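A.B. asks: The following block contains a protein sequence and its predicted model.
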Amino acid sequence: MKLAKTILIAEPASTSYFKHAHSVLPGFGIALGFTVFYLSLIVLIPLSAAFIKTFTLTWGEFWATVSAPRVVASYQLTFGTALLAALINAVFGLLVAWVLVRYEFPGRRIIDALVDLPFALPTAVAGIALTAIYAPNGLLGAPLAQAGIKVAFTPLGILVALTFIGLPFVVRTVQPVLEDMERELEEAAKSLGASNWQTASRVIFPTIFPAVVTGFTLAFARALGEYGSVIFIAGNMPMVSEITPLIIITKLEQYDYAGATSIAVVMLVASFLMLLLINTAQWWARKRRAEEKV
Amino acid sequence: MRYARLLALLVSLAALNSCGNQDSASPKGASEITLLNVSYDPTRELYQAVNKAFSAQWEATTKQKLSIKQSHGGSGKQARSVIDGLEADVVTLALAQDIDEMATRGKLLSADWQKKLPDNASPYTSTIVFLVRKGNPKAIKDWDDLTKPGVGVITPNPKTSGGARWNYLAAWGYAEKKFGDETKAREFVKAIYKNVLVLDSGARGSTTTFVERGVGDVFISWENEALLAQKELGADKFDVVIPSISILAEPPVAIVDRVVDRHKTRQAAEAYLQFLYSEQGQEIAAANYYRPRSLTVAKKYEKQFPALNLLTVDQAFGGWAKASKAHFAEGASFDQIYQPGVK
């Protein structure tokens, strides 16, 4: 338990919820009022429009729309590739953040700036660039095609695009936590006789894990709704490489507003539940860890 | 107390909002007017040329400066934008049905718009042909060759692309003529779509996939788009193959009554569409690879547009309303290709 005790010093004491101590900001009342009003204006009211449009359908029509085989195949593809891309980013984003924080090397600032590019680039540009490179006549696509691997115009291409746009989320959430982590902790662990593995798994990892999960969640959420970059590289074949946002757009273009919003509602609810689940698990893990230490 | 503050905030915001957004209608008889032409995907080059010629003519005759803006995209998407409020003075789309939607859903123009101009309101026509790689390595001659295993086909999604609907109907029409049987036609079209490698949302996207990305062996394309690709990228890269039967595509044009009345641009918009039917307009259309209606211009460009057996949607499918219900509606023949058994 010695190790755990040392960590406690670095962690801020957990604050209890609903307790509002004196703070520099104006009172709790107006702050909460503003938060609720602002969230309603920016998030809830626009989203509720989707629900209202959906209610023009009967329950049977709604179910037929959202459970059509083509739509179900697109859920599997969208959620599957988004999850996989977020996992890849969690692993490799952590690695990138670690290298950027822990090592000094020439060109580090340039690499650091490169990480943000997927944020800044219009997604359509990203999609076109990735497609040009991974197409069977592209720079990387040609040798891959010779090896029998098709990337552009397959689900693999979707994964590449989603990994690309999600990378900054993990790097940028993990980086500050790593920077704030005191090296003395690791030294203390070592001097107290911890092996390299123990130091990594019991000192470093617990500290950065919440940040990795946050980055993962952000990357996942971003990938779920991504349209611009995917559409160019996906191939868009029904049942194979057609993402849910494309089905929504297709329905809109056929003036099927209610059909489009019903699928949007399914995506919204599913995404919300998954994000809620991840956030709750994270909150619960943090709480349990805090209790364990005391 | 906190609710009172919130209410105050809400009220002040609402007041702020109503101050903006004042109507700014342009005065009548201004010395400069603007037209917006909302069009479909492959007409960019055509309307660039038309706009230049027409605004010069308009300025010369009326001494009024005219600037014409153009917007391009999948035909269905463009129509939806206009219904949702994009202020198009004229629309020049790929399908009559898209303009019908504007009339019925948006009430933006009268339902008999297609009678207001000659030739079904289509000043130029086109058809569907095949673009293949130079030397035609897969020996593609006709629609049958698209069903053979190992032939990679590129076409846009008929749900979102007007051009793709013409492609689909041309294939269906060919099969129905050949087999004289709807079930066989269904199988035939299904076999073609089994060979489709990439289903882009618009015609221009498919051109990029085939031409720039090098994907596929044959691209089912608008004739104008195929000829343009050949011209832009060199005749040494692609060949155009004319199938034995294709479809007469009539891309229609119309004035959006509600918008021109509000903008006070009816006169210019009418002259603009009339210009498309003039000898000069026809000549520009032909030079941009659209088949002209004018017989004299057609004669001049005879070599560019070989004669072929053309079906029309009215003859072969009983009109667009019927065709789209049977093939492109939810659960219709196109959907059944990918999810059999769904009604």
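C.D. replies: All right, it came through fine. This one's a predicted model, so the numbers in the text were calculated from it and none came from an experiment.
A.B. asks: in the chain, which residue is closest to the centre?
C.D. replies: Just so you know, I chose chain A. For chain A, residue A:219 is the residue whose C-alpha lies nearest the centre (C-alpha atoms, centre = their mean; 1.8 Å).
A.B. asks: that answer is for a different chain, and I need it for chain B
C.D. replies: Nearest to the mean C-alpha position of chain B, by C-alpha atoms, centre = their mean, lies residue B:94 at 2.4 Å.
A.B. asks: I figured that residue hits residue B:163, correct?
C.D. replies: Yes. Residue B:94 lies in contact with residue B:163 (C-beta atoms under 8 Å); the separation is 5.8 Å. Yep, even glycine has a C-beta here, placed from its N, CA and C like the rest.
A.B. asks: and the helix or strand the residue nearest to the centre of chain A falls within, which residues are buried?
C.D. replies: Using DSSP states H and E, residue A:219 sits in helix A:205-225. Neighbour-count burial for helix A:205-225 flags A:206-224 (criterion: 16 or more other C-beta atoms under 10 Å in any protein chain shown).
A.B. asks: same thing with stretch B:171-189?
C.D. replies: Under the neighbour-count criterion of 16+ other C-beta under 10 Å, stretch B:171-189 has B:171-176, B:178, B:185-186, B:188-189 buried.
A.B. asks: now stretch A:270-285
C.D. replies: Buried-residue list, stretch A:270-285, by 16+ other C-beta under 10 Å: A:271, A:274, A:278, A:282.
A.B. asks: what does that stretch contact?
C.D. replies: Outside of stretch A:270-285, the residues within contact range by C-beta atoms under 8 Å, 6 or more residues apart in numbering or on different chains are A:75, A:79, A:210, A:213-214, A:216-217, A:220-221, A:224-225.
A.B. asks: likewise stretch B:94-101?
C.D. replies: Residues contacting stretch B:94-101 (C-beta under 8 Å, 6+ apart): A:255, B:40-41, B:75-76, B:78-80, B:83, B:91, B:93, B:109, B:111, B:113-114, B:120-121, B:161-163, B:165-166, B:249-252, B:254, B:320-321, B:324.
A.B. asks: ends of stretch B:229-237, how far apart?
C.D. replies: 10 Å (C-alpha to C-alpha, to the nearest Å).
A.B. asks: follow-up on the earlier one: how about the closest residue to the residue nearest to the centre of chain A other than its chain neighbours, what does it touch?
C.D. replies: Leaving aside its chain neighbours, residue A:219 sits nearest to residue A:166 (3.4 Å; criterion: C-beta to C-beta, 6 or more residues apart in numbering or on different chains). Shown in contact with residue A:166 (C-beta under 8 Å, 6+ apart): A:85-86, A:89, A:118, A:218-220, A:222-223.
A.B. asks: Now render these as CSV, adding distance to residue A:124 and pLDDT.
C.D. replies: Shown next, in CSV, are these (distance: C-beta to C-beta, whole Å; pLDDT from 0 to 100):
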residue, distance to residue A:124, pLDDT
A:85, 18, 97
A:86, 22, 97
A:89, 21, 96
A:118, 13, 90
A:218, 21, 93
A:219, 20, 95
A:220, 22, 94
A:222, 16, 92
A:223, 16, 94
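A.B. asks: Can I get the strand or helix carrying residue A:38 in CSV? Just the C-alpha atoms.
C.D. replies: Using DSSP H and E, residue A:38 falls within helix A:28-39. The C-alpha coordinates for helix A:28-39 follow below in CSV (Å, rounded to 0.1, in the frame of the first residue of the first chain):
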residue,chain,number,x,y,z
PHE,A,28,-24.4,28.9,-8.4
GLY,A,29,-27.9,29.9,-9.4
ILE,A,30,-27.1,32.1,-12.4
ALA,A,31,-24.3,29.8,-13.4
LEU,A,32,-26.5,26.7,-13.5
GLY,A,33,-29.3,28.8,-15.2
PHE,A,34,-27.0,29.9,-17.9
THR,A,35,-25.6,26.3,-18.4
VAL,A,36,-29.1,24.9,-18.8
PHE,A,37,-30.1,27.7,-21.1
TYR,A,38,-27.0,27.5,-23.2
LEU,A,39,-27.1,23.7,-23.5
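A.B. asks: how about the contacts of residue A:166, which pair is most distant?
C.D. replies: Using C-beta to C-beta, the contacts of residue A:166 span at most 15.0 Å, a distance reached by A:118 and A:220.
A.B. asks: Is it correct that residue B:102 is in contact with residue B:79?
C.D. replies: Yes. Using C-beta under 8 Å, residue B:102 makes contact with residue B:79 at a distance of 5.9 Å.
A.B. asks: Please identify which of the two sits among more neighbours.
C.D. replies: Under the criterion of other C-beta atoms under 10 Å in any protein chain shown, the comparison of residue B:102 against residue B:79 puts residue B:79 first, with 31 against 23.
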